[in-house]
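# Sequence first, predicted coordinates after that:
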Protein chains: 2
Amino acid sequence: MTRTAFFISDGTGITAESLGRSLLAQFENVEIRMLTKPYIDTVEKAHDLVQVINGAAVSDGEQPIIIDTIVDGAIRQVIREAEGFKIDIFSTFLEPLEQELATHSSYTVGRTHSIGKDEVYMDRIHSVHFALDNDDGARTHQYDKADVILIGVSRCGKTPTSLYLALQFGIRAANYPLTEDDLDEDGSLKLPRALAAHRHKLFGLTIDPRRLAAIRHERRPNSRYSSMDQCVQEVGQAEGLYRQMHIPFIDTTRFSVEEISTRMIAEVGLKRRFSPR
Amino acid sequence: MTRTAFFISDGTGITAESLGRSLLAQFENVEIRMLTKPYIDTVEKAHDLVQVINGAAVSDGEQPIIIDTIVDGAIRQVIREAEGFKIDIFSTFLEPLEQELATHSSYTVGRTHSIGKDEVYMDRIHSVHFALDNDDGARTHQYDKADVILIGVSRCGKTPTSLYLALQFGIRAANYPLTEDDLDEDGSLKLPRALAAHRHKLFGLTIDPRRLAAIRHERRPNSRYSSMDQCVQEVGQAEGLYRQMHIPFIDTTRFSVEEISTRMIAEVGLKRRFSPR
């Protein structure tokens, strides 16, 4: 028996979906089909959606769960007619907030999205291109402009993390791969020359060697690059370097890119140029 | 007079912040300093945070607003002692949801983040590298594997959108620049040869020429590339191509990358490989 949950918004739907998934994840035993319905910004679209919701109620044999962040009163009124268990985020919280703040709220559609659009856009473009230009050690002469320089072995998550930091927070993240080119005579890794002047900006990523081998295997099956021996050795050398040089680092094995990024920000106090909307 | 709002979570803080910003954006007249406090996952950290919150209450002369998504009961109990106006998302909604679903919820810390981590990670890595490998027309032989191919003039937002689609939704987005190389004898743009076999995957971006000129000016000031004439002409040619070939397109001028991406998904029914957490 499956239920359907609808995350409904007159904007991107990101807030409704994020909240809805967090709430419903607490119910492990219930099978729930989740559908995000963004840009329900006219009464007509709302009427069409009510048909869809009522259809799901019939085919599921259970009333759907409806979680919405619609601001417009007329549109919300239409959604209210749908058959379902409703979690109306704005009416639940806006009224007490109005009392606390002793003012009325402005029910403006998409208000969140119009704040400082231009500056956010420019910061974002700059940060994304910074991450691309400075990916995988491609260039090292812009490190004075970097907010952070991610280091780690090949395929430990440097590139996705750099791009996420750029897109979500406008943080300029370069990344540099640790490779055998920088092995010392004694077999330990030394800090690559390009990084020496920027030690305070370095942040290390590490990963379980088994997981690394699996990831590399997808790229180059049955190669030395993806062998367990090689992965164990490289990860050991990288972690040795972090410890020796007191470079903060995170084990990415159990973490999503969101978690790696937000943990980094919290740990080293990186400054966000803007906030996710 | 400024108030402080705290978005508190035992995880990334993304849900609490997203909801908090949406709610507070409705109060245009109130100046609110917003602070996200992620990874409050021990009673000790919670006690430390309560000190910070109470400090803000004193220095603001107004009680802070506290919005949290903490799941653990003991930690939540500590935060409850802080001085502030509290919006407790989980207690507000979980109890009615438990009744509706006729089951108890599992108060597991970070439950949302542990679902299908491995598959999400692989999909993400693949999609990000797909976007990078197929950025700006760099390669065209993988278009059969693309979910969508973004087209548009230089600096209209193709690259950030491709990367956002990859990171947030695991969608494989290539992008291809429309340039004067593909002008026909009559001065109109023709569909580049590499794209002809993939017409059903094309999605166009367009932009206000004034905005485009401003963006290009940051990159190459006072060049032909950033001149108003050039921008007007290129945008006109691109839109002409979209209309002639019935290619769906979006004007990115007023939209954030989140909005462009979610609108594209809604408009052409792109399939998300995973959902943002």
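Looks like it arrived, so ask away.
# Correct me if wrong, but residue A:63 is in a strand.
No: assignment of residue A:63 by DSSP: H, G, I helix; E, B strand; the rest coil gives coil, placing it outside any strand.
# count of residues packed around residue A:73?
As a burial measure, residue A:73 scores 9 neighbours (other C-beta atoms under 10 Å in any protein chain shown). All C-beta atoms are positioned from the backbone trio N, CA, C, and that covers glycine.
# Kindly list the main-chain dihedrals of it?
Main-chain dihedrals, residue A:73, degrees, to the nearest 10: phi -60, psi -40.
# Can you give me the pLDDT of it?
As predicted, residue A:73 sits at a pLDDT of 87.
# Need the residues that contact the helix or strand in which residue A:55 is found.
Per DSSP states H and E: residue A:55 is located in helix A:43-60. For helix A:43-60, the surrounding residues in contact (C-beta atoms under 8 Å, 6 or more residues apart in numbering or on different chains) are A:1-4, A:6, A:8, A:37, A:39-40, A:63-64, A:66, A:74-75, A:78-79, A:81-84.
# how does chain A divide into domains?
A:3-101, A:118-268 (the TED database).
# Quick one: closest of those to residue B:149.
Between residue B:149 and the domains of chain A, the shortest gap by C-beta to C-beta is with domain A:118-268, which sits at 18.6 Å.
# SS state for residue A:258?
Quick answer, by three-state DSSP: residue A:258 is helix.
# now the domains of chain A as CSV including distance to residue B:269?
Formatted as CSV, the domains of chain A follow (distance: least, C-beta to C-beta, whole Å):
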stretch, distance to residue B:269
domain A:3-101, 13
domain A:118-268, 24
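# Residue B:253 is nearest to which of those?
domain A:118-268 (9.8 Å).
# Is any residue of that closest one near chain B?
Yes: Domain A:118-268 is in contact with chain B by C-beta under 8 Å from any C-beta of the partner chain, via A:120-122, A:124-125, A:128-129, A:132, A:135, A:155, A:159-160, A:163-164, A:167, A:215, A:218, A:254-259, A:262-263, A:266.
# Restricted to buried residues, select the residues you listed in ChimeraX.
Buried subset of the residues of domain A:118-268 next to chain B, written as a ChimeraX selection, criterion 16 or more other C-beta atoms under 10 Å in any protein chain shown:
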select /A:120,121,124,125,128,129,132,135,155,159,160,163,164,167,215,255,256,257,258,259,262,263,266
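# Find the nearest non-adjacent residue to residue A:75, please.
Excluding the flanking residues, the one nearest residue A:75 by C-beta to C-beta, 6 or more residues apart in numbering or on different chains is residue A:46, at 4.8 Å.
# all helices for chain A, in order.
Shown for chain A, the helices assigned by DSSP state H span residues A:14-24, A:43-60, A:73-80, A:89-101, A:117-133, A:158-169, A:193-196, A:209-219, A:228-245, A:257-268.
# And whichever residue of the stretch 151-277 of chain A sits closest to chain B, how close does it get to residue A:270?
Sorted by distance to chain B under C-beta to the nearest C-beta, the residues of the stretch 151-277 of chain A start with residue A:262, at 4.4 Å. Using C-beta to C-beta, to the nearest Å, residue A:262 is found at 10 Å from residue A:270.
# What of residue A:29?
As judged by C-beta to C-beta, residue A:29 and residue A:270 stand 39 Å apart.
# For residue A:84, give me phi and psi.
According to degrees, to the nearest 10, residue A:84 has phi 170, psi 170.
# Could you export the worst-scoring helix or strand of chain A on mean pLDDT as CSV, CA atoms only?
Lowest by mean pLDDT, DSSP states H and E among the helices and strands of chain A is helix A:117-133, with a mean of 86. The C-alpha coordinates for helix A:117-133 follow below in CSV (Å, rounded to 0.1, in the frame of the first residue of the first chain):
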residue,chain,number,x,y,z
LYS,A,117,19.5,38.5,-7.6
ASP,A,118,22.2,40.4,-9.5
GLU,A,119,25.0,40.2,-6.9
VAL,A,120,24.2,36.5,-6.3
TYR,A,121,24.3,35.8,-10.0
MET,A,122,27.7,37.5,-10.5
ASP,A,123,29.2,35.9,-7.3
ARG,A,124,27.9,32.5,-8.5
ILE,A,125,29.3,32.9,-12.1
HIS,A,126,32.6,34.0,-10.8
SER,A,127,32.8,31.2,-8.2
VAL,A,128,31.8,28.5,-10.7
HIS,A,129,34.3,29.6,-13.2
PHE,A,130,36.9,29.9,-10.5
ALA,A,131,36.2,26.3,-9.6
LEU,A,132,36.4,25.1,-13.2
ASP,A,133,39.6,27.1,-14.0
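# Could you check the angle that helix makes with helix B:209-219?
40 degrees (axes from the mean of the first three to the mean of the last three C-alpha atoms, to 10 degrees).
# what's the offset of helix A:117-133 from the middle of its chain?
Between the centre of helix A:117-133 and the centre of its chain there are 16 Å (C-alpha atoms, centre = their mean, to the nearest Å).
# ok, residues contacting that helix?
Contacts for helix A:117-133 (C-beta under 8 Å, 6+ apart): A:139, A:142, A:145-146, A:162-163, A:165-167, A:170-175, A:273-274, A:277, B:132, B:135, B:155, B:159-160, B:163, B:215, B:218, B:254, B:256-257.
# That helix vs helix B:257-268, what angle?
In terms of direction (the same axes, to 10 degrees), helix A:117-133 departs from helix B:257-268 by 90 degrees.
# Also compute the angle for helix A:117-133 relative to helix A:158-169, please.
Using the same axes, to 10 degrees: helix A:117-133 against helix A:158-169 is 170 degrees.
# residue contacts, residue A:81?
By C-beta under 8 Å, 6+ apart, residue A:81 lies in contact with residue A:50.
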